[in-house]
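Engineer: Please find the sequence and the predicted model below.
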Amino acid sequence: MELRDLLIARRPPDRGGAIESNRSSFQKNWALYHLIELHETGDNYMMVFEHHDDILVLDSDTEPSKIDFYQVKTRVSGDWTLKGLLARSKKPQVVSDSEQEQQESLSILGTLYRQRLVFEDCARSLNVISNARFKITLESSDDVSVQHRKICASEFNSVAKSEVATALAKEHLLAETDVILDIIHLAVTPLSITACDAIARDALGRFLENYRPNVPYRFSTVYRTVIDEITRQTNSEWLPTDFDDLIKTKSISKKRFQDILDKAETHRNETAIWQSVESRLNAEGLPFPMLMRIKSDWRKCEIELMDHTNIALGTLRKEIKEIIAKDENTAGVSRCLDLIDALFDMWSQKYVKYEFFSEGLIKALILRELYESW
């Protein structure tokens, strides 16, 4: 069976991923950080969210053959040890209507190693990513593991290797000699729990400066667009029915990330456009608090427009353009804000309102379309 089919045919375990991930700003920001690292290589990739594991990276979005699996873990204090990575807890398991028994959960490394058993040679690497360091005895007695950003289990000393092999063999009912250690990696990310968003945003800024140095990207807008897309894909509870479904509902491919960057570039004149609109509104004597509200809605509209896959927004833009093009009743309206209110009333009388677009955002979109039509 091809890997693209295996990803769907092998039903992922019930992870409660969307619920847990809603609390995990760290995981989403690490995903962005790693997207940047992947994109800088120039190789093809597809990042998958909360499907079989926290994060998967496939080597292709068309005909994948290898997967890198990632468990993203945080610690408030202290270093990771093998004891923590191999710890198992008891959890109740229903065996009948009136009876429960305690069953041991898989450890962090045990959960990762399950992917090797399911996907066999397609599992290229199994990775634990954390803000905390890893304190494990290495083969070289002079080598200190906590000084390493990345460690492979093959670098452990013989005692540590044996401890991992014994534990994984017990968890998965294997012979110790069948446990493959050189695909297990432990990595420390530069992201911290308290400043993960700031660090990821800075990394994106540096990447964009080097990517196209002559393009004045608005880093905060690009950051929010990518994070929102990661959040949407991560929180989706839809179980994909085929590989194309997986692409649409649970992943960001190299092509999709590139598309976001390209769309951001097409909006590089946004600052100049807003300054022109702001001057017009100031000339009409608009109160400052109202101007700030319009500016906030304008920025939200700008972010929404960067997603060209948003069908509802595309439909709304078409409706607004039709109202502006056919309108003959507002020719005598001189104030910009009065014109926006009049056009909004005309739109709301003719079309069904969208629950997920606020009145402010719709009016900001009317203002943008008016600017482009003048």
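Structural biologist: Nice, I can see it.
Engineer: Sketch out the helices for the stretch 1-150 of the chain, chain order is fine.
Structural biologist: Secondary structure of the stretch 1-150 of the chain (DSSP state H, counting those that start in this stretch): helices at 3-9, 17-21, 25-41, 82-85, 108-119.
Engineer: Considering these, which stretch scores lowest in mean pLDDT?
Structural biologist: Per-stretch mean pLDDT for the helices of the stretch 1-150 of the chain is lowest at helix 17-21 (a mean of 45).
Engineer: Distance to C301 for the helices of the stretch 1-150 of the chain - can I get that in TSV?
Structural biologist: No exception for glycine: its C-beta is placed from N, CA and C like everyone else's. Shown next, in TSV, are the helices of the stretch 1-150 of the chain (distance: least, C-beta to C-beta, whole Å):
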stretch	distance to C301
helix 3-9	36
helix 17-21	27
helix 25-41	23
helix 82-85	46
helix 108-119	41
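Engineer: And those helices: which comes nearest A160?
Structural biologist: Smallest distance to A160 across the helices of the stretch 1-150 of the chain (C-beta to C-beta): 6.1 Å, for helix 82-85.
Engineer: For the spatially most central residue of the chain, which residues are in contact?
Structural biologist: Geometric centre of the chain, nearest residue: I230, 2.2 Å, by C-alpha atoms, centre = their mean. Each residue near I230 by C-beta atoms under 8 Å, 6 or more residues apart in numbering is listed here: 28, 31-32, 49, 252.
Engineer: What strand or helix carries it?
Structural biologist: Using DSSP states H and E, I230 sits in helix 219-235.
Engineer: Okay, buried residues for that helix please.
Structural biologist: By neighbour count on 16 or more other C-beta atoms under 10 Å, the buried set for helix 219-235 is 219, 221-227, 229-231, 233-234.
Engineer: Ok, stretch 352-364 next?
Structural biologist: 357, 361-364.
Engineer: Which stretch among the helices of the stretch 1-150 of the chain approaches I260 most closely?
Structural biologist: Nearest to I260, of all these, is helix 25-41, at 9.8 Å by C-beta to C-beta.
Engineer: ok, now how distant is V144 from S158?
Structural biologist: According to C-beta to C-beta, to the nearest Å, V144 and S158 sit 18 Å apart.
Engineer: domains for this structure, by residue range?
Structural biologist: Domains of the chain are assigned by automatic domain parsing as 3-263, 270-373.
Engineer: Point out where this protein drops to low pLDDT.
Structural biologist: For the chain, the stretches with pLDDT under 70 are 14-23, 91-102, 265-270, 306-309, 328-331, 355-356, 374.
Engineer: now the strands for the chain?
Structural biologist: Shown for the chain, the strands assigned by DSSP state E span residues 46-49, 55-58, 67-73, 90-96, 99-104, 123-130, 150-152, 184-188, 251-253.
Engineer: I'd say L343 and I323 touch.
Structural biologist: Yes - assessed by C-beta atoms under 8 Å, L343 is found in contact with I323 at 5.8 Å.
Engineer: where's the spatially closest residue to E139 that is not a sequence neighbour relative to Q147, distance?
Structural biologist: Nearest residue to E139, sequence neighbours excluded (C-beta to C-beta, 6 or more residues apart in numbering): N157, at 5.1 Å. According to C-beta to C-beta, N157 stands 16 Å off from Q147.
Engineer: More neighbours: which of those two?
Structural biologist: Neighbour count, other C-beta atoms under 10 Å: between N157 and Q147, N157 has more, with 15 against 7.
Engineer: for that one, what are its contacts?
Structural biologist: For N157, the contacting residues are 137-139, 141, by C-beta under 8 Å, 6+ apart.
Engineer: Just the buried residues out of the residues you listed, in PyMOL syntax.
Structural biologist: Buried members of the contacts of N157, defined by 16+ other C-beta under 10 Å, are picked up in PyMOL with:
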select buried, resi 137
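Engineer: so, if you compare the contacts of N157, which one comes nearest to K350?
Structural biologist: Using C-beta to C-beta, those come closest to K350 at L138, 70.2 Å.
Engineer: Relative to V128, how far out is the closest one?
Structural biologist: L138 is 16 Å from V128, by C-beta to C-beta.
Engineer: next one: S220
Structural biologist: According to C-beta to C-beta, S220 and V128 sit 31 Å apart.
Engineer: List the beta-bridge partners for F69.
Structural biologist: L56, L126 (DSSP bridges).
Engineer: which ones are touching it?
Structural biologist: Contacts for F69 were tallied using C-beta under 8 Å, 6+ apart; they are 52-53, 55-56, 112, 115, 123, 125-127.
Engineer: can you do 10 Å?
Structural biologist: 48, 52-57, 111-116, 119, 123-128, 183 (C-beta atoms under 10 Å, 6 or more residues apart in numbering).
Engineer: Check C152 too.
Structural biologist: So C152 contacts 125, 181-187 (C-beta under 10 Å, 6+ apart).
Engineer: and with 6 Å instead?
Structural biologist: Neighbour list for C152: H185 [criterion: C-beta atoms under 6 Å, 6 or more residues apart in numbering].
Engineer: Next: T221.
Structural biologist: Per C-beta under 6 Å, 6+ apart, neighbours of T221: I303.
Engineer: rewinding a little: specify which member of the buried residues of helix 219-235 is nearest to Y211.
Structural biologist: For the buried residues of helix 219-235, the nearest to Y211 is V222 (10.6 Å; C-beta to C-beta).
Engineer: Name the nearest residue to the closest one, sequence neighbours excluded.
Structural biologist: With C-beta to C-beta, 6+ apart as the criterion, V222 has its nearest non-adjacent residue at 4.7 Å, and that residue is A264.
Engineer: pretty sure that neighbour is touching R224, no?
Structural biologist: No - between A264 and R224 there is no contact under C-beta atoms under 6 Å: 10.7 Å.
Engineer: looking at the sheet around I252, what are its partners?
Structural biologist: Under the criterion used (DSSP bridges), I252 bridges to M47.
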